[in-house]
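S.K.: Next one to model:
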Amino acid sequence: MKKILKGILPGLVLITLATPGFAENRQGAVTVSPYVGGYLLDEEQHEVNRPMFGLRTGYNFTENFGAEAMFGYSLTETKLHYGPRRETDLYRYGIDLLYHFMPQSNFVPFVVIGGGGTNFYTPNTPSEPSHYAGLFSYGGGVKYFVADNVALRGDVRGVLLVHDTGHQNLEYSAGLTFQFGGVRKTDACRLTPSADTTEMKVAAVIPSAADTTAPTVSFTAPVDGATAAPLNQKVNAAFSKAMDPATITAATFTLKQDKTPVSGNVTSAASTATFTPARNFEKGKVYIATLTTGAKDLAGNALERDYVWRFTAFSGPRVVKVLSTLENSHFNFDSAEITENGKDLLKHDVTILKADPNMKIRISGYTSAIGSEEYNQKLSERRAAAAKEYLVKTGGIDGNRITTIGYGEKNPAKYEAEPSDKNSAAAHANMRVLIEVIED
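M.R.: Here you go, the predicted model:
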């Protein structure tokens with residue numbers, strides 16, 4: 001067996017080093033795979049190892065997953081210690097399931113499991129001339145595409161006979177796989193001869209349906225109407241689809257303070273755009289951001305109209321650090337009532353505040369984008385007020401040391417791509433109350 005395997009492996013290596021092809025393992029393709037190889041039988045079966053010939057036919061349900069039916073034949077002979085040797089017909093058949101790795105490359109390794117049976121037929125024997133054994137097979141192999149529809153192929157499989165024998169056999173083969181039909185994913189373009197055979201032109205694949213939907217602005221930060229935008233904040237916008245970065249420029253994304261243009265740098269990535277001002281905003285000033293119809297998506301569709309939003313810069317107290325964070329789980333559902341876990345967290349804050357009587361804090365409430373803006377604003381204010389009430393009434397902290405503010409959904413920690421999804425990671429990140437140590 002070892003000698004035979006040593007002879008097989010170099011052949012498989014040569015297959016993988018063949019000239020690169022131009023195809024992939026395709027979804028929906030029908031495959032036909034003739035092969036030649038060997039079937040090494042367990043010594044207790046008393047049969048001579050001989051070459052096997054066969055055919056596999058299959059179908060790829062996806063580019064990764066497929067199934068095959070197979071049939072193989074080997075003319076062997078008995079090798080009993082008594083009596084003359086007799087020719088034996090060995091028939092091997094079954095159904096296999098295959099999983100292909102790297103299906104869009106020329107080199108496609110795969111693993112396989114399956115089941116089936118073997119029939120040994122020995123004519124002119126005094127005992128039973130035919131014997132059947134069910135089997136379970138497992139193993140793997142490689143396909144290497146050398147053309148659109150042709151791949152070199154090698155397989156190695158263990159074969160366990162499960163019908164009253166328990167013998168362990170080994171099967172190996174090499175051959176070709178021909179595939180027909182299926183969905184092509186790498187046909188981006190083809191070189192086709194023009195009327196002048198000395199010239200080649202590129203024939204692009206035409207999409208089945210052109211994208212004509214205009215993009216929209218789905219999110220901005222600061223949001224429209226914000227009255228407490230940090231002085232050092234960048235201006236961000238998110239679109240409903242990926243945008244052409246060449247159209248997101250200082251000409252299509254502008255910022256003004258009243259009628260005076262603000263200088264800055266514009267960058268974009270996928271479906272987002274960012275305006276980074278050259279200097280901080282001025283306290284109390286109103287700023288106007290505009291995205292023009294010159295902004296286009298990857299299909300060339302422009303915004304239907306200019307998108308304009310306003311916000312006011314504000315300079316509050318400087319935040320030294322965040323003392324603690326009450327998350328959504330620290331409040332009862334859709335309520336400002338603090339849970340026992342939330343109270344335990346505030347008790348820890350009470351200890352710190354009593355140890356430093358000069359420490360001042362701001363309690364800032366935030367919500368996710370679920371629900372109306374008005375409701376979220378009030379909920380953020382109520383939750384901030386509830387935390388202050390606990391620190392004052394239960395913790396004994398002077399209320400003059402504590403200020404509260406509710407931002408509602410206006411200053412999210414993360415962008416919520418699906419505002420209706422209350423269980424998203426972004427929604428949970430935005431449902432919070434911050435206990436912040438501040439300096440005037």
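S.K.: End to end on stretch 244-263, go ahead and measure it.
M.R.: 22 Å (CA to CA, to the nearest Å).
S.K.: Can you list the buried residues in it?
M.R.: Within stretch 244-263, the residues that qualify as buried are 244, 247, 248, 249, 252, 253, 254, 255, 262, counting by 16 or more other CB atoms under 10 Å. Bear in mind the C-beta positions are built from the backbone N, C-alpha and C, glycine included.
S.K.: Quick check: the third one touching residue 295?
M.R.: Yes - counting by CB atoms under 8 Å, a contact exists between residue 248 and residue 295, whose distance comes to 5.9 Å.
S.K.: Tell me who's in contact with residue 338.
M.R.: Listed by CB atoms under 8 Å, 6 or more residues apart in numbering, the contact set of residue 338 reads 326, 330, 331, 332, 346, 386, 387, 390.
S.K.: and which of those residues is nearest residue 47?
M.R.: residue 330 (73.4 Å; CB to CB).
S.K.: Nearest residue to that closest one in space, ignoring adjacent ones along the chain?
M.R.: residue 342 (3.1 Å; CB to CB, 6 or more residues apart in numbering).
S.K.: what's the answer for residue 162, then?
M.R.: In space, residue 162 is closest to residue 134, 5.1 Å off (CB to CB, 6+ apart).
S.K.: contacting residues for that neighbour?
M.R.: 115, 116, 117, 161, 162, 163.
S.K.: what helix or strand is the third one on?
M.R.: Right, residue 117. For residue 117, the host element (DSSP states H and E) is strand 107-121.
S.K.: what's the next secondary structure element after that strand?
M.R.: Taking DSSP H and E, what comes next after strand 107-121 is strand 130-147.
S.K.: what packs against the helix or strand following that next one?
M.R.: Remark: after strand 130-147, the chain's next helix or strand is strand 150-161, criterion DSSP H and E. Where contact means 3 or more CB pairs under 8 Å, 6 or more residues apart in numbering; DSSP states H and E, strand 150-161 is packed against helix 2-16, strand 30-40, strand 107-121, strand 130-147, strand 168-180.
S.K.: So in the chain, where's the weakest helix or strand by average pLDDT?
M.R.: Scoring the helices and strands of the chain by mean pLDDT, DSSP states H and E places strand 189-193 at the bottom, with a mean of 41.
S.K.: the strands in the stretch 251-400 of the chain, which residues?
M.R.: Assigned by DSSP state E, counting those that start in this stretch, the stretch 251-400 of the chain shows strands spanning 253-257, 260-261, 264-269, 272-277, 286-291, 307-313, 318-327, 360-366.
S.K.: and the fifth one, which residues are buried?
M.R.: It stands for strand 286-291. Here strand 286-291 shows 287, 289, 291 as buried, counting by 16+ other CB under 10 Å.
S.K.: Surely the first one and residue 309 touch.
M.R.: Looking back up the chat, that one is residue 287. No - Residue 287 is beyond contact range of residue 309, at 9.3 Å (criterion: CB under 8 Å).
S.K.: Just want the angle from the one helix or strand residue 436 maps to to strand 318-327.
M.R.: In this structure, residue 436 is located in strand 432-439 according to DSSP H and E. Per axes from the mean of the first three to the mean of the last three CA atoms, to 10 degrees, the angle that strand 432-439 makes with strand 318-327 is 160 degrees.
S.K.: domains in the chain, as residue ranges please.
M.R.: 2-180, 217-313, 318-439 (automatic domain parsing).
S.K.: pLDDT (mean, whole number) over the second one?
M.R.: Which is domain 217-313. In this model, domain 217-313 has a mean pLDDT of 91.
S.K.: Give me the distance from it to the chain's centre.
M.R.: Counting by CA atoms, centre = their mean, to the nearest Å, domain 217-313 is centred 29 Å from the centre of its parent chain.
S.K.: how about low-confidence regions in the stretch 51-200 of the chain?
M.R.: By pLDDT under 70, the weakly predicted segments of the stretch 51-200 of the chain are 78-85, 124-129, 163-166, 184-200.
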